[in-house]
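> the following block contains a protein sequence and its predicted model.
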Amino acid sequence: MPAPQILPRGESRPALGHVNLMVDTFIANASVEDLRSITRTLLATGPPGTLPAFIAASRSRLNQTNAKALPNSRRFFHESSDTTFAPTSYLAESLARARSLYGAGMGFASLEILASVVRASVGLRWQDEGELINALAVVDADISQAIQSCKEEIEGGNVINISTAKDRVDVLRAALTESLRDVQEWGGEFQFERASASLQYWKF
């Protein structure tokens, strides 16, 4: 049994509303996998208001943790040899952050992160196989998922500033256009076809 979390003298546990001390002790000591499993079960079997409350709490938390700050795009890829590049762990962390945003219904916020990844790929060269092309395929899929999240964000009436939302879409579109132009110049294969198609057929 995990040991109870001990707070230093003088520190008090932040107010947690209806969460009692024993439940909070469990949350503080449970594994990530256990918490994920419990959360999925709760959302699948809880009363109708559980999911909306969870999403609202998720958005609030993401906003509190500076979710809109852009990552350092220079750290997404590193040169693995004289002619090839590879994705970094920082890219994986940034994509996880983008997924947290669009998964919580904050698709437009995630577009800025994903657009920065596309821009960072401009100037790189890739082979038909390898880590880099696989990573870009993942980014392509993430962008499509983020666009779907944006659509749901609009339909749910959760877009606070429509002008800012359009600006983020324009930034992504410009990044994809720049990437396509760059790839055409060196004769490579464009890696964001799915994302471009999603934008092309999105009437926003």
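In hand now; what should we look at?

> in contact with the closest residue to W202 other than its chain neighbours, which residues are there?
Spatial nearest neighbour of W202, chain neighbours left out: I147 (6.1 Å); criterion: C-beta to C-beta, 6 or more residues apart in numbering. Just so you know, the C-beta spots here come from the backbone N, C-alpha and C atoms, and that holds for glycine as well. Neighbouring residues of I147 by C-beta atoms under 8 Å, 6 or more residues apart in numbering: G107, L111, A195, S198, L199, W202.

> ok, of those, which come out buried?
Buried members of the contacts of I147, scored by 16 or more other C-beta atoms under 10 Å, are G107, L111, A195, S198, L199.

> how much space between the fourth one and E93?
The one in question is S198. In this view, S198 and E93 are 24 Å apart by C-beta to C-beta, to the nearest Å.

> returning to that earlier point: and the contacts of I147 as TSV, adding pLDDT?
Below are the contacts of I147 laid out as TSV (pLDDT from 0 to 100):
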residue	pLDDT
G107	95
L111	95
A195	96
S198	93
L199	93
W202	88
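
> of those, closest to L172?
Closest approach between those and L172, by C-beta to C-beta: L111, at 5.0 Å.

> list the contacts for the closest one?
By C-beta under 8 Å, 6+ apart, the contact set of L111 is I143, A146, I147, C150, R168, V169, V171, L172.

> name the element it belongs to?
In this structure, L111 is located in helix 107-121 according to DSSP states H and E.

> after that helix comes which helix or strand?
Assignment by DSSP H and E places the next element after helix 107-121 at helix 131-155.

> buried residues, that following helix. List them.
Within helix 131-155, the residues that count as buried by 16+ other C-beta under 10 Å are 132, 135-136, 139-140, 142-147, 149-150, 153.

> tell me the mean pLDDT for it?
Per-residue pLDDT values over helix 131-155 give a mean of 96.

> please compute how far the helix or strand following that helix lies from its chain's middle.
On the C-terminal side of helix 131-155, the nearest following helix or strand under DSSP H and E is helix 162-186. Relative to the chain's own centre, helix 162-186 is displaced by 18 Å; criterion: C-alpha atoms, centre = their mean, to the nearest Å.
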